[in-house]
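J.: sequence-free structure coming up:
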């Protein structure tokens, strides 16, 4: 294998050569290292930082000394490390949109093709495994046609919650009245019940209920929701320890004590490096890489130390004259060069950007193959980046339209990783520029709105619904209201009950409701959590609405305005769905739109983010993806989106006030460069 090392011959260049030689020798791989020190020759490869490494005309590294794991991933690209002597449990996690579902499914398929019995489990309420595999997902293992040995299971929150409710009600005494049972069923209708019921299903797989499978591969929800899921064993075990009195919204505590053994077994399995590998998935994007580093640290704190890093969608420009392609490559290389040392130290695999959507078994089998672009579009003529007369209204047009109102709520929703935070921050800034007072907030546990803005703006208030802070605020409020009528022992019991993990869900809902109501006098722009987590919040909103309607039954409800009623009011609330120009994100946004419509909430507009068509490129790989992007645009124009706004792929990350301002300013006001 020929390896080119580009550099001036400095100490870092020599160390890079030495590292490649050591790794190749240890791996038994013969390499021919060619040192290129001529500045003109180096520039022809398009690199701006040295030492750089080129293999097969692709720049695989630029800047700094590569780690042992990085070098090994270049020299042995055929088999990902997470498939080399894999543990029983493979746990794929990461920021939304980085490719967890594609990679976890491809890994499960590869293991099944090798003769193993594999169960692929999705913990994501917004999973698209059904579309990828072409089967209907169920909450029981379902064999995948065309993949002997592979079964798939989706932990559906609603199904899990109903099963949990039935188990709790079945434990009630025989002389319980229908009214008693109805009361308990209503107590078990909250989002916290749904969450713990989902974890109960998850825990059963880790504690022995899937013993006949050789491997269990978990495709998880986006990072914030997954960290919440993984923290539940400790939270509930701590709450149940020594607490067998009274009842909670999950049923009698004495019944819950039975779950404590299962929770502990699940935690033990997750923490056992011989049983479980956490596969941190990221993309060569600064935000995704930074979140992977944070996630790695938080998982270590939970005891999950056996971690690997997979960098998905690594792109190398093939046409050095294509400014867009070269900018995409440069941003990716810079993001990887800036990777935190703790993340760089992890065993690492890299998966190249493919020219195809990962839908169907052939594409999924090709995803982890050593070849580049295994599946190429057939019968498709070259696609022009833009066509004559083609016009894409941008965020500036959307900001203009939203600013025609005096106040209201703007909720930005969508799958994880599609750019909700960017769109929300830009729209908030655009409204301020148009003379409005705006409160920008987020319900996403993993959101970084402040980092996206990177500055303060008069007229713009920025906040975050912090679950821990809101929970403490809620506990203090309840204790202050109830304590005066209670003795010391009763106060102690009340405080004990309020320390239930359920309280967090209630507290977050109260904070959400408070922010929603602010739209009566100003603009509120809400950056929501990824789809699955947001749907749980919508469930809580619906449950509260039903409770209020029952309490006022038989009386006038003219003055009752619940958060759900505000969300259903199209004049008050504008739902903005954000997606990417790919089949899976568009399908998931369409499913979210259907869910919202069932709740009588009508989305106002769609934003198509990171459009290559709008950016313009003639790179061969990116051009192959253009045909797929146009198909998704056709879906949206065919009636899926009432209003469509397009945000092109940007050569500069939209971080900071200056770059965000460009997104919401009329095109003729942009300054060159």
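T.: Perfect, I can see it now. Please read all numbers here as calculations on a predicted model, not as lab measurements.
J.: neighbours of the nearest residue to residue 602 once chain neighbours are set aside, how many?
T.: Closest residue to residue 602 in three dimensions, ignoring its sequence neighbours and counting by CB to CB, 6 or more residues apart in numbering: residue 570, at 5.8 Å. Using the backbone N, CA and C atoms, a C-beta is placed for each residue, glycine as well. Residue 570 is flanked by 13 other residues according to other CB atoms under 10 Å.
J.: hang on, residue 570 packs against residue 600?
T.: No. Residue 570 is beyond contact range of residue 600, at 10.1 Å (criterion: CB atoms under 8 Å).
J.: re earlier: confirm that the residue nearest to residue 602 sits in a helix.
T.: No. The assignment for residue 570, made by DSSP: H, G, I helix; E, B strand; the rest coil, is coil rather than a helix.
J.: quick one: pLDDT of residue 496?
T.: With respect to pLDDT, residue 496 scores 74.
J.: hang on, it in a helix?
T.: Yes. Assessed by three-state DSSP, residue 496 belongs to a helix.
J.: now the residue nearest to the spatial centre of the chain, what's its secondary structure?
T.: Central residue of the chain (CA atoms, centre = their mean): residue 96, 1.9 Å from the mean position. Three-state call for residue 96 (three-state DSSP): coil.
J.: excluding its backbone neighbours, what's nearest it?
T.: Closest to residue 96 by CB to CB, 6+ apart is residue 416, at 1.2 Å.
J.: partners of residue 279 in the sheet?
T.: Under DSSP bridges, the beta-bridge partners of residue 279 are residue 92, residue 308.
J.: any low-confidence regions in the stretch 351-500 of the chain?
T.: Where the stretch 351-500 of the chain drops to pLDDT under 70, the residues are 369-390, 444-452, 454, 500.
J.: now with 90?
T.: When residues are selected by pLDDT under 90, those of the stretch 351-500 of the chain lie in 351-392, 413-421, 441-458, 462-475, 477-500.
J.: quick one, phi psi at the residue nearest to residue 602?
T.: Dihedral pair for residue 570: phi -60, psi -20, per degrees, to the nearest 10.
J.: just the one 3 residues further on next, same as before
T.: The phi/psi pair for residue 573 (degrees, to the nearest 10) reads phi -120, psi 130.
J.: neighbours of it, how many?
T.: 22.
J.: so who does it touch?
T.: Applying CB atoms under 8 Å, 6 or more residues apart in numbering, we find residue 573 in contact with 408-411, 519, 566-567, 601.
J.: these two touch, right, residue 273 and residue 305?
T.: Yes. Counting by CB under 8 Å, residue 273 touches residue 305, with 6.3 Å between them.
J.: re earlier: for the contacts of residue 573, which one is nearest residue 660?
T.: residue 410 (15.4 Å; CB to CB).
J.: show me what contacts the residue of the chain most remote from its centre?
T.: Most distant from the centre of the chain: residue 175, at 46.5 Å, with distances by CA atoms, centre = their mean. Residues near residue 175 by CB under 8 Å, 6+ apart: none.
J.: could you look up the SS state of it?
T.: Put simply, residue 175 is coil when judged by three-state DSSP.
J.: ok, now how distant is it from residue 181?
T.: To residue 181, residue 175 is 11 Å away according to CB to CB, to the nearest Å.
J.: cool, residue 198 as well?
T.: For residue 198 relative to residue 181 (CB to CB), the value is 23 Å.
J.: tell me which of those two has more neighbours.
T.: Between residue 198 and residue 181, counted using other CB under 10 Å, the more crowded position is residue 198 (25 against 12).
J.: which of the helices or strands spans the more buried one?
T.: helix 191-206 (DSSP states H and E).
J.: again, but for residue 59
T.: Element membership for residue 59 (DSSP H and E) is strand 58-62.
J.: which strands border that strand, and is each parallel or antiparallel?
T.: Sheet pairing for strand 58-62, assigned by DSSP bridges, gives strand 52-55 (antiparallel).
J.: and the partner strand, how far out from the chain middle?
T.: Relative to its parent chain, strand 52-55 has a centroid offset of 31 Å by CA atoms, centre = their mean, to the nearest Å.
J.: can you mark which positions in that strand are buried?
T.: Using 16 or more other CB atoms under 10 Å as the test for burial, strand 52-55 gives 52-55.
J.: same list (these) but as TSV, adding pLDDT and distance to residue 498.
T.: Output for the buried residues of strand 52-55, formatted as TSV (pLDDT from 0 to 100; distance: CB to CB, whole Å):
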residue	pLDDT	distance to residue 498
52	91	57
53	92	56
54	90	60
55	86	58
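J.: tell me the mean pLDDT for the strand holding residue 59?
T.: Regarding strand 58-62, the rounded mean pLDDT is 84.
J.: in the helix or strand just after that strand, what counts as buried?
T.: Using DSSP H and E, the helix or strand that directly follows strand 58-62 along the chain is helix 68-75. By neighbour count with 16+ other CB under 10 Å, helix 68-75 contains the buried residues 69-75.
J.: count the residues that sit near the nearest residue to residue 415 once chain neighbours are set aside.
T.: Spatial nearest neighbour of residue 415, excluding adjacent residues (CB to CB, 6+ apart): residue 588 at 4.6 Å. Residue 588 has 26 neighbouring residues, counting by other CB under 10 Å.
J.: wait, residue 588 touches residue 128, no?
T.: Yes. Look at residue 588 against residue 128 with CB under 8 Å: they come within range, at 5.5 Å.
J.: quick check: beta-bridge partners of residue 644?
T.: Beta-bridge pairing for residue 644 (DSSP bridges): residue 606.
J.: report pLDDT for it.
T.: Residue 644 carries a pLDDT score of 94 in this model.
J.: would you mind confirming that it makes contact with residue 636?
T.: Yes. Using CB under 8 Å, residue 644 and residue 636 qualify as a contacting pair, with a distance of 5.3 Å.
J.: between those two, who's got more neighbours?
T.: Applying other CB under 10 Å to residue 644 and residue 636 shows that residue 636 carries more neighbours, namely 20 against 16.
J.: ok so that one is a strand residue?
T.: No. According to three-state DSSP, residue 636 belongs to no strand; its state is helix.
J.: how near is the residue nearest to residue 339 when sequence neighbours are not counted to residue 207?
T.: Closest residue to residue 339 apart from its sequence neighbours, by CB to CB, 6+ apart: residue 289 at 5.5 Å. To residue 207, residue 289 is 33 Å away according to CB to CB.
J.: which of those two has more neighbours?
T.: Comparing residue 289 with residue 207 by other CB under 10 Å, the one with more neighbours is residue 289, at 23 against 17.
J.: what's the mean pLDDT across the helix or strand containing that one?
T.: Using DSSP H and E, residue 289 sits in helix 286-301. Mean per-residue pLDDT for helix 286-301: 87.
J.: ok, residues contacting it?
T.: So helix 286-301 is in contact with 93-95, 97-98, 223, 227, 230, 278, 280-283, 305, 307, 309, 331, 334-336, 338-340, 342-343, 346, 417, 446, 448, 653, going by CB under 8 Å, 6+ apart.
J.: all good on my end, thank you.
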